[in-house]
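Asks: Quick one: sequence plus predicted model below, questions after.
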Amino acid sequence: MTDAGPDRESATTAPGPQDDGTPPGSGGTPEWFDRATGVGRGTLHALVVPTLALLLALVVGAVIIMVTDVDAWRLMGEDPGAALGEMINGVWVAYRALFLGAFGSVRAISETLFTATPLILAGLAVALGFRAGLFNIGARGQMFIGGLFAVWVALHVELPSLLHVPLALLAAIVGGGIWGGLAGILKARTGAHEVITTIMLNFIAAFFTLWVLKTSVFQEEGSNLPQSAPIPETARLTPIFGDQYRVNIGLFIAIGAVFFVHWLLFRSTLGFEFRAAGFSPSASRYAGMNVALLYTLVMFISGALAGLAGATMTLGLPPYTVTSNFPGTIGFDAIALALLGRSHPFGVLWSGLLFGALIAGGRAMQGAAGVSVDLVIVMQALIIIFIAAPKLVRAVFRLKAAETEPTQLTKGWGA
Amino acid sequence: MTTTVEKERLELEQRNRATPEERRSIIIGWVLIALGLLVIVFFGLGTDPGMDATFNLSLQTDRIQDLSWVIDARNLSIAVGVIIVGLGVWRLTRRALDWTNISLAIGFSLFSLAFLAWAAAGSQFSLVGMLRSTVILSVVVVFGALTGLMCERVGVINIGIEGQLLASAFAGVVLSSAFGTWAGLAGALITGGLLGWLLAWLTIRFHVDQIIAGVVINFLALGLTSLMSARILSDVQSLNAPERIPSWKIPILADIPVIGPMFFDHTFFVYGMFVLVLAIHMGLFYTRWGLRSRSVGEHPRAADTAGINVYWVRYRNVILGGMIAGFGGAFLGLAQVARFEEDMTGGIGFIGLAAMIFGRWLPFGALGAGLVFGFARAVQQKVAILNIGLPSEFLLMLPYVVTIIVVAGVVGKTRPPAADGKPYIKQ
């Protein structure tokens, strides 16, 4: 498939088994570049659409900031020019705060890396599902359960740090894996679509967390607050650059997971079967693979990765007491991120860092410019649209469009 | 080389092996027996003798007052449990396979009755209030299911119902606060329609994967409404104060005990829901529009060959579906809650999608399924007040657990439209 140009690459969010990370063919860039950027066999060209998508998202975001500027609209009747100036200034202040909040200082960079850690792990979870033709929207629920398992080990097992952290992480893998595998089993045995089951499992996990944090199993003795007792020092993820910066060894776990998923998908038999099942379940079945088992396994591993993401939020987030919404919006950010990274582990790494910067910057923006961090959700939605519809980006920028095959990522409701 | 004896043996095995319907009947039989035993042991024997459950059958606003049904919770539960076990045993005999689903429905209704009697033992419980809530709480689910049905009947999966509901609720609330109820209603319908158009445009014009397009709509709706809520509504609170749409009490019919408050004392949205279900049913199965829609959902290539404009049919139905979601969003924002809250839909659009599957892509099926989900929510709300010692979080999980059980196939084998989820490219 060396003749497949960048257009085919950009149109396909979940390429089939042929995209196995083998050395590039006709691409004009060195092999290390292709590998590192995660665009596979493409050229620099393959980066064009994601870059333009990000740019467009920033532009639309600016328009939204301007349109929702209430104070400027009040001024509009008296002095339209000043009002417009106010709006543009608002965009400048917001984006400046966003950029400085992401890269402006050591603390900002630490925040970006810290925010990126669970995003990368959860993004890998979603990307792995995409590769096997499964849409795992349940990273949020799997983070809840994985995170809680880790907290349980942290609170109820006494061990030296060297063993305590790995054991807690193992528990997170098991917990997240069970929650993801549940959706996998339901899909394999009954054909229940994973989109619905994982979303429902998200709600169930959220209510379960709400309840369990009020029980004596997790609460501090004598406390009435719906939060866990403090995680003991031995189970915490150690900060890399000292206690004043939040980025911790979870980052190394995330990077390790990137390499693991890459190995799993492109170097192992199991990964080949995953991708084959994603490409054509019927052909895989015909070739003798047990597709039902594969679905369960994929969802288990996917859930395990999300569970690890949850553990980084419970064991690594100062002040080390766990509250009822610790996954935040990470489970959903992960979807956009996996798409942006084209479901490739290295792509997920880079887009995870990018989203980490966006969200860390977004928090700074909310504080400094009063633009709520929800803007980042809108920008993510726009990025997904532009990535999933490369024809749209090409139309906006009048790039030469090529005929592309339609992408059908997920299957219908049937088994 | 199979001998005659072996062949006969194989044929015999073939005959003895249960068909899928028979297997379902047996599985559901065992489920019912377990349920019945649970009722007898837990709700029946678990209740002290002589504890009466009082079910109120009239509301304080009713013309006919003080109707109630008093019954001994223990005896009722035991009797109900025995009936459920009996139903289960009947299922094990593999007879009357048409009755499998009906048995299941009866079993679950009786189970709910025993559960309520157990929860209300020794106190009062407004049964009519709960049934009325069932209808109200099912409205958004039914509209969501009808939206999904409109789209999937022409082969487009709509995961974005949640976002369509949320965005139209927001538009409805803001426009209603600013310009009055009718403007709010119109704004909600237009917003829903626009998001329907966006889904159709992305999937038909750009061949974006339908699930991704739907997810994008959910993201956009959640992000934009939360952003505007935080940036505008918190500042200008007069924009988040719509006039609540009043109930239209239907004379005479509303005074019938139980049925009156359940069905004939509601806002026009509720009556609209019943009318819409009937209209879509008639439209789908008795008009040219319906035949064309269904043919596009089942075999677009054949429909195209027959001269039907597949793209136009898909656009039209998906936009109409979006407007139905807009109507549902308007009910949520203008009648049920009467203000906007961030993420106020809370997954109800997905429950609507599950209701559509549960209802087998049929309008009346969607209505029935919606009522089941409404019932689960109503039970959760009313029982939470009784304080039965079960943590409220577990009751809150109930509708979501029901959804999973439903899509996991308690309803048996369902068949979506053949071209559901498949992009169509004109040749």
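Replies: Looks like it came in fine. Numbering: from 1, shown residues only, chains lettered A, B, ... in the order given.
Asks: List, one by one, the residues from the stretch 51-200 of chain B near chain A.
Replies: Residues of the stretch 51-200 of chain B lying near chain A by C-beta under 8 Å from any C-beta of the partner chain: B:157, B:159. Bear in mind the C-beta positions are built from the backbone N, C-alpha and C, glycine included.
Asks: mind listing the strands for the stretch 51-200 of chain B?
Replies: Secondary structure of the stretch 51-200 of chain B (DSSP state E, counting those that start in this stretch): strands located at B:52-56, B:68-72, B:124-126.
Asks: Identify whichever of the ones you listed lies nearest to residue A:372.
Replies: Distance to residue A:372, taken as C-beta to C-beta, is lowest for strand B:124-126 among the strands of the stretch 51-200 of chain B, at 40.8 Å.
Asks: So what's the gap between the closest one and the chain middle?
Replies: 25 Å (C-alpha atoms, centre = their mean, to the nearest Å).
Asks: Might you list the low-confidence residue ranges for the chain?
Replies: Picking chain A for this. Chain A contains residues with pLDDT under 70 at A:1-46, A:399-415.
Asks: My question was about chain B, not that one.
Replies: For chain B, the ranges with pLDDT under 70 are B:1-3, B:12, B:14-18, B:63, B:387, B:409-414.
Asks: Outline the domain layout of it.
Replies: B:4-122, B:128-410 (automatic domain parsing).
Asks: Could you find the closest non-adjacent residue to residue B:151?
Replies: Nearest residue to residue B:151, sequence neighbours excluded (C-beta to C-beta, 6 or more residues apart in numbering or on different chains): residue B:158, at 4.0 Å.
Asks: State the number of residues packed around residue 333.
Replies: Answering for chain A, as no chain was given. 27 (other C-beta atoms under 10 Å in any protein chain shown).
Asks: The chain in question should be chain B.
Replies: Residue B:333: 32 neighbours (other C-beta under 10 Å).
Asks: picking up where we left off before, mind listing what the residue nearest to residue B:151 touches?
Replies: Applying C-beta atoms under 8 Å, 6 or more residues apart in numbering or on different chains, we find residue B:158 in contact with B:147, B:148, B:151, B:152, B:164, B:199, B:210, B:214, B:318, B:321, B:353.
Asks: Nearest to chain A among these?
Replies: The nearest member of the contacts of residue B:158 to chain A, counting by C-beta to the nearest C-beta, is residue B:353 at 6.3 Å.
Asks: That closest one - that's part of a strand, no?
Replies: No: looking at residue B:353 with DSSP: H, G, I helix; E, B strand; the rest coil, it is helix, so not inside a strand.
Asks: For it, list the residues it contacts.
Replies: So residue B:353 contacts A:196, B:144, B:145, B:148, B:158, B:159, B:161 (C-beta under 8 Å, 6+ apart).
Asks: try it again with 7 Å
Replies: A:196, B:144, B:148, B:161 (C-beta atoms under 7 Å, 6 or more residues apart in numbering or on different chains).
Asks: What of residue A:111?
Replies: A:246, A:360.
Asks: what helix or strand is it on?
Replies: helix A:106-131 (DSSP states H and E).
Asks: In the chain, where's the longest helix?
Replies: Reading this off chain A. helix A:161-190 (DSSP state H).
Asks: Chain B is the one I meant
Replies: Chain B, longest helix under DSSP H: helix B:127-152.
Asks: thinking again about what came up before, how about the longest helix of chain A, does it reach chain B?
Replies: Yes: Helix A:161-190 reaches chain B (C-beta under 7 Å from any C-beta of the partner chain) through A:186, A:190.
Asks: For chain A, see how far away residue B:138 is.
Replies: 18 Å (C-beta to the nearest C-beta, to the nearest Å).
Asks: Nearest approach to residue A:371 belongs to which of the domains of chain B?
Replies: domain B:128-410 (7.1 Å).
Asks: and the residue in the stretch 51-200 of chain B that chain A sits nearest to, how many neighbours does it have?
Replies: Residue of the stretch 51-200 of chain B nearest chain A, by C-beta to the nearest C-beta: residue B:159 (6.3 Å). Counted with other C-beta under 10 Å, the neighbours of residue B:159 add up to 28.
Asks: can you check residue A:313 too?
Replies: Neighbours of residue A:313 using other C-beta under 10 Å come to 23.
Asks: Let's have the strands of the stretch 51-200 of chain B in TSV, adding mean neighbour count and distance to residue A:258.
Replies: Formatted as TSV, these follow (neighbours: other C-beta atoms under 10 Å in any protein chain shown; distance: least, C-beta to C-beta, whole Å):
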stretch	mean neighbour count	distance to residue A:258
strand B:52-56	19	59
strand B:68-72	14	63
strand B:124-126	18	56
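Asks: Could you dump these into JSON lines and include distance to residue B:169?
Replies: Formatted as JSON lines, those follow (distance: least, C-beta to C-beta, whole Å):
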{"stretch": "strand B:52-56", "distance to residue B:169": "32"}
{"stretch": "strand B:68-72", "distance to residue B:169": "37"}
{"stretch": "strand B:124-126", "distance to residue B:169": "28"}
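Asks: For residue A:116, which of the ones you listed is the nearest?
Replies: Nearest to residue A:116, of the strands of the stretch 51-200 of chain B and by C-beta to C-beta, is strand B:124-126 at 52.0 Å.
Asks: need the contact list for the residue in the stretch 251-400 of chain B positioned nearest to chain A.
Replies: Minimum separation of the stretch 251-400 of chain B from chain A (C-beta to the nearest C-beta) falls at residue B:393, amounting to 3.7 Å. Residues in contact with residue B:393 (C-beta under 7 Å, 6+ apart) are A:207, A:208, A:210, A:211.
Asks: And for residue A:285?
Replies: residue A:291.
Asks: roughly how far apart are it and residue B:337?
Replies: Using C-beta to C-beta, to the nearest Å, one gets 48 Å for the distance from residue A:285 to residue B:337.
Asks: and residue A:325, that one's in a helix?
Replies: No: judged by three-state DSSP, residue A:325 forms no part of a helix; its state is coil.
Asks: center of the chain, which residue is that?
Replies: No chain specified, so I'll use chain A. Centrality entry for chain A: nearest residue to the mean C-alpha point is residue A:334, 2.1 Å, by C-alpha atoms, centre = their mean.
Asks: wrong one, I was asking about chain B
Replies: residue B:370 (2.3 Å).
Asks: ok, and which of the domains of chain B has the densest surroundings?
Replies: domain B:128-410 (a mean of 22; mean count of other C-beta atoms under 10 Å in any protein chain shown).
Asks: How far does it sit from its chain's centre?
Replies: 9 Å.
Asks: re the thing from before, elements contacting the longest helix of chain A?
Replies: Judged by 3 or more C-beta pairs under 7 Å, 6 or more residues apart in numbering or on different chains; DSSP states H and E, helix A:161-190 is in contact with helix A:139-156, helix A:194-212, helix A:291-315.
Asks: buried sites along that helix?
Replies: A:164-165, A:168-188, A:190 (16 or more other C-beta atoms under 10 Å in any protein chain shown).
Asks: next one: stretch A:128-139
Replies: A:128, A:129, A:130, A:131, A:132, A:133, A:134, A:135, A:136, A:137, A:138, A:139.
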